[in-house]
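> Structure, please.
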Amino acid sequence: MMKLLIQHNQALKRAARLIIAYEMRLGVISLAENNPIHPANTEDIHQEIKQALTAFHYWRKWRGENEPARAVLLQMWASGKWTNRDTCVRQCYRLAGFKNMVTARQALVGAPPPEPLAIQRQRAMWAKP
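Numbers count the residues shown, from 1 in each chain. Down below sits the predicted model:
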């Protein structure tokens with residue numbers, strides 16, 4: 001998810017740079033009107049905008065579909081029961097509501113590590129008397 005968000009951000013920056021470059025050379029751009037001052041081929045600008053909108057659409061769709069499952073998986077990870085994210089994902093991705101492990105693993109990217117007290121409690125529970 002983070003990679004897609006970064007790509008979206010970069011595409012928007014490229015589109016903004018193109019628009020700024022055109023505006024510096026030729027004045028304010030109006031994509032809706034045919035202005036004889038501006039070049040007839042604004043395909044580069046339209047392509048950048050289209051790419052940015054597509055990237056944002058995919059990011060929003062992924063976020064909307066997987067947000068409840070992501071919240072559950074983050075809660076499971078924060079419990080401290082697992083020593084690493086991969087083990088947590090392998091054991092819990094279906095319980096959380098994900099359809100595959102790859103998407104579930106992406107949901108844990110950037111998640112903070114569990115609190116040390118939670119890990120100690122889990123280890124104490126599983127310790128043999």
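> separation between the closest residue to Ala107 other than its chain neighbours and Tyr22?
Nearest residue to Ala107, sequence neighbours excluded (Cβ to Cβ, 6 or more residues apart in numbering): Arg70, at 4.2 Å. Quick note: C-beta positions are derived from backbone N, CA and C, even for glycine. Arg70 is 39 Å from Tyr22, where distance means Cβ to Cβ, to the nearest Å.
> Ala78 now?
Counting by Cβ to Cβ - Ala78 and Tyr22 are separated by 48 Å.
> which residues of the protein fall in strands?
Assigned by DSSP state E, the chain shows no strands.
> low-scoring stretches of it, by residue?
Within the chain, the segments meeting pLDDT under 70 span 1-2, 4, 23, 25-42, 44, 59-64, 117-129.
> So which bits of the longest helix seen in it are buried?
If you go by DSSP state H, the chain has its longest helix at helix 43-78. Residues of helix 43-78 classed as buried by neighbour count (16 or more other Cβ atoms under 10 Å): 45, 48-49, 51-52, 55-56, 59, 62, 66, 69-70, 72-74, 76-77.
> same check, this time on stretch 8-26
Applying 16+ other Cβ under 10 Å to stretch 8-26 flags His8, Ala11, Leu12, Arg14, Ala15, Leu18, Ile19, Tyr22 as buried.
> cool, stretch 97-109 as well?
The neighbour-count check on stretch 97-109 (16+ other Cβ under 10 Å) flags Gly97, Phe98, Thr103, Ala104, Arg105, Gln106, Ala107, Leu108 as buried.
> can you give me the end-to-end distance of it?
Using Cα to Cα, to the nearest Å, one end of stretch 97-109 lies 17 Å from the other.
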